[in-house]
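Undergrad: sequence plus the predicted model coming up.
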Amino acid sequence: MAAPILSYEDLGLIQGEGWLFRNLDLYVGERDRLALIGRNGAGKTTLLKCLADMIDTDEGKRTVVPGTHVVLLEQDPPMGAHATLLDWVLHGPNAPEAHEAAAIADQLGIDLSRPTATASGGERRRAAIAGALAQNPDVLLLDEPTNHLDLGAIEWLEEWLKRFNGAFIVISHDRTFLTRLTRSCIWLDRGELRRAEIGFGGFDAWTERVYEEEARAAEKLDAKLKLELHWLQRGVTARRRRNQGRLAKLHEMRAQRAAMLGTAGTAKLALAKDDVRSKTVIDAEHVGKAFGDRQIIRDFTLRVQRGDRIGVVGPNGAGKTTLLKLLTGELQPDTGSVRLAKTLSGIVIDQQRKLMEPQRRVKDVLANGGDWIEVRGLKKHIKGYLKEFLFDPAIADAPIGSLSGGERSRLLLAREFARHANLLVLDEPTNDLDLETLDLLQEVIADYDGTVLIVSHDRDFLDRTVTITLGLDGSGKVDVVAGGYEDWIKKKYEVARAPGRASGQGRAKAAPASRTASNSKKLSYKDQRDLDRLPGEIERLQSEVAADEASLSDPDLYKRDPMRFAELTERIARNRAEIEAAEYRWLEVAELAEALAS
């Protein structure tokens, strides 16, 4: 292993009445791509600040190779003292050259002359990224870099980091971002720091192995002590297994929804069954909305049914919030109509953040100071309910001000999901949440009886959660696709390839090129080849996964041969992703073959 350019030995920090962490060893090599993972409140942000030498620690030795430039991109850097975003970018002893910051800002689509007082969260985030990248760092410390960014900016940042010659450590809830970029994982868990030389794609399998080893060790503990110490680990492992079943159910729901949507991408719902209208909670027909000369929404039609999980995606400024307000009745359309079911009662999570006053206690927010909370008609003790949302029950009397930003978001979710409602509106719900809370949120949404509207730039979250995606591109047109973010991207690609695109034909008239190239009743050579070979390929990959999982069942493997453990874990994750892609492709060509044969 090459010598590290940045390291901390025996790092210890006291926070409040005790140690936040102690005896941590962390090193960063010249080209490391590290994912820093841990629960909200574990100290991830604080650890990055220690590495950036912004915090005086109580113990430990920080070592940096001379000449190494370390830059921290904070989650929410204070900008209020500066008149414009450019003033903020150019402040401080390590300020970049103005032309370098301006060049990056231009690529990110942000005008640095914007006053800080009126800049949006997305504009502030872009300015902070421009300022950090323009400093030409050797080590880049990124704290939730994708928060408030739209999909275009996230993908730009991904490409920049792929080309980056230095090292970086990133904290992020964006699984897609982490999977595409990282090669090693450092896991901050209950005051201990673990490292594995695997990309984020192998993280879940690695942590499950760690939890299983702990569970076996816990068998020697007193039963009550074991129950108190290991409820979280068992809950996380069981939740991931349950979520596999929920994903299967989600794919089934998407298939049903695809059958109800007419021509691919149109929003007209078939009315073959009498119960369609009885299940309709929002009925939008030929809706249009403009602000001044700009048409935000154009001729949009959608019938939302009870139980739908609808994701809204698109670049900032494309009209996502406007569409959300139209669908919930908060905003009236200029043309067309939106009818809401009389029984519809909604919760908009983002509007409830005012409840989170720092001096209030957790139990004040959840149960008006009491010990019992009514959860959709059922009474539950507050401490038991806190466990369901991954909290230590002991925090019931803690002030809100003592919680991290992610813990506050999780508490707000716990409060709102307890309420009686049949429509849930989530505006960027994944911001500030850790990965375990995202797993929990996916589970709660899957089990929710009502309808969910989600605005998000988190690609993985949408792929695991929604049944329908509404895609906006800023032109006023809204694509309606059965499925998640990846399904929307695939449809966009198909439309781009389809004949007639140049003449102005939209998605409703476009079809995949393989289906319109000719009137032939035969599959193309490539489609037929995939139809024939993929079942065998899937079986081979499944056999490899089973063999590798059998090897991982050795309880001593990680201690005896950590490199072998990392290799198996990463290969299992890679093969599972290939299996999913192969299954999707086979279903696609099988449906095409069936359609041509009919």
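TA: Received the coordinates, thanks.
Undergrad: surely residue 194 touches residue 187?
TA: Yes. Contact criterion CB atoms under 8 Å: residue 194 and residue 187 qualify, at 4.6 Å. Heads up, the C-betas are built off the backbone N, CA and C, glycines and all.
Undergrad: so those two - more neighbours on which side?
TA: The residue with more neighbours, out of residue 194 and residue 187, is residue 187; 18 against 14, by other CB atoms under 10 Å.
Undergrad: the more buried one: what secondary structure?
TA: strand (DSSP: H, G, I helix; E, B strand; the rest coil).
Undergrad: who does it bridge with?
TA: Beta bridges link residue 187 to residue 37, residue 194, judged by DSSP bridges.
Undergrad: what's the average pLDDT for the strand or helix carrying residue 212?
TA: Per DSSP states H and E, residue 212 falls inside helix 203-218. The average pLDDT for helix 203-218 rounds to 78.
Undergrad: and it, what does it pack onto?
TA: strand 184-189, strand 192-196, helix 223-260, helix 557-560, helix 562-597 (3 or more CB pairs under 8 Å, 6 or more residues apart in numbering; DSSP states H and E).
Undergrad: pick out the shakiest of the ones you listed, pLDDT-wise.
TA: Mean pLDDT values for the helices and strands packed on helix 203-218 show the minimum at helix 223-260, a mean of 58.
Undergrad: is residue 360 in contact with residue 400, as I believe?
TA: Yes. Between residue 360 and residue 400 there is a contact at 5.2 Å, judged by CB under 8 Å.
Undergrad: between the two, who's got more neighbours?
TA: Between residue 360 and residue 400, counted using other CB under 10 Å, the more crowded position is residue 400 (19 against 14).
Undergrad: list the residues that contact that one.
TA: Taking CB atoms under 8 Å, 6 or more residues apart in numbering, we find residue 400 in contact with 356, 357, 358, 359, 360, 361, 362, 365, 408, 411.
Undergrad: one more time with 6 Å, if that's ok
TA: 356, 358, 360 (CB atoms under 6 Å, 6 or more residues apart in numbering).
Undergrad: pLDDT and secondary structure added to those residues, as CSV?
TA: Output for the contacts of residue 400, formatted as CSV (pLDDT from 0 to 100; DSSP: H, G, I helix; E, B strand; the rest coil):
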residue, pLDDT, secondary structure
356, 71, coil
358, 83, coil
360, 87, coil
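Undergrad: immediately after the helix or strand of the chain with the lowest mean pLDDT, which helix or strand?
TA: Within the chain, no helix or strand scores below helix 513-516, which has a mean of 34 by mean pLDDT, DSSP states H and E. Going down the chain from helix 513-516, the next helix or strand is helix 525-552, by DSSP H and E.
Undergrad: does residue 68 count as helix, strand or coil?
TA: What three-state DSSP gives for residue 68 is coil.
Undergrad: ok, residue 331 next?
TA: Following three-state DSSP, the label given to residue 331 is coil.
Undergrad: so how many other residues sit close to the nearest residue to it once chain neighbours are set aside?
TA: Residue nearest to residue 331 in three dimensions, not counting chain neighbours: residue 325, with 3.8 Å by CB to CB, 6 or more residues apart in numbering. Using other CB under 10 Å, residue 325 has 17 other residues around it.
Undergrad: do residue 216 as well
TA: Residue 216, neighbours per other CB under 10 Å, totals 10.
Undergrad: can you check residue 336 too?
TA: The burial count for residue 336: 17, using other CB under 10 Å.
Undergrad: in contact with it, which residues?
TA: Here residue 336 is in contact with 285, 286, 287, 288 (criterion: CB under 6 Å, 6+ apart).
Undergrad: if you set the cut-off to 10 Å instead, what comes out?
TA: Neighbour list for residue 336: 284, 285, 286, 287, 288, 289, 297, 298, 299, 300, 301, 326 [criterion: CB atoms under 10 Å, 6 or more residues apart in numbering].
Undergrad: ok, and the most crowded of those residues?
TA: When neighbours are taken as other CB under 10 Å, the top entry among the contacts of residue 336 is residue 300 (26 neighbours).
Undergrad: so how far is the helix or strand hosting it off the chain centroid?
TA: Assigned by DSSP H and E, residue 300 belongs to strand 294-305. Between the centre of strand 294-305 and the centre of its host chain there is 26 Å, according to CA atoms, centre = their mean, to the nearest Å.
Undergrad: mean confidence for that strand?
TA: Strand 294-305 shows a mean pLDDT of 92 in the predicted model.
Undergrad: how about the next helix or strand after it as CSV, C-alpha atoms only?
TA: Using DSSP H and E, the helix or strand that follows strand 294-305 towards the C-terminus is strand 309-313. Extracted in CSV, the C-alpha atoms of strand 309-313 (Å, rounded to 0.1, in the frame of the first residue of the first chain):
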residue,chain,number,x,y,z
ARG,A,309,-46.5,6.1,-5.6
ILE,A,310,-45.7,8.9,-8.1
GLY,A,311,-42.2,10.3,-8.6
VAL,A,312,-41.7,13.8,-10.1
VAL,A,313,-38.3,14.4,-11.7
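Undergrad: measure how strand 309-313 sits relative to strand 294-305, angle-wise.
TA: 170 degrees (axes from the mean of the first three to the mean of the last three CA atoms, to 10 degrees).
Undergrad: quick check: what element follows strand 309-313 along the chain?
TA: Going down the chain from strand 309-313, the next helix or strand is helix 320-328, by DSSP H and E.
Undergrad: that following helix packs against which elements?
TA: Packing partners of helix 320-328 (3 or more CB pairs under 10 Å, 6 or more residues apart in numbering; DSSP states H and E): strand 280-291, strand 294-305, strand 309-313, strand 335-340, strand 346-348, strand 423-427, strand 451-455, strand 468-472.
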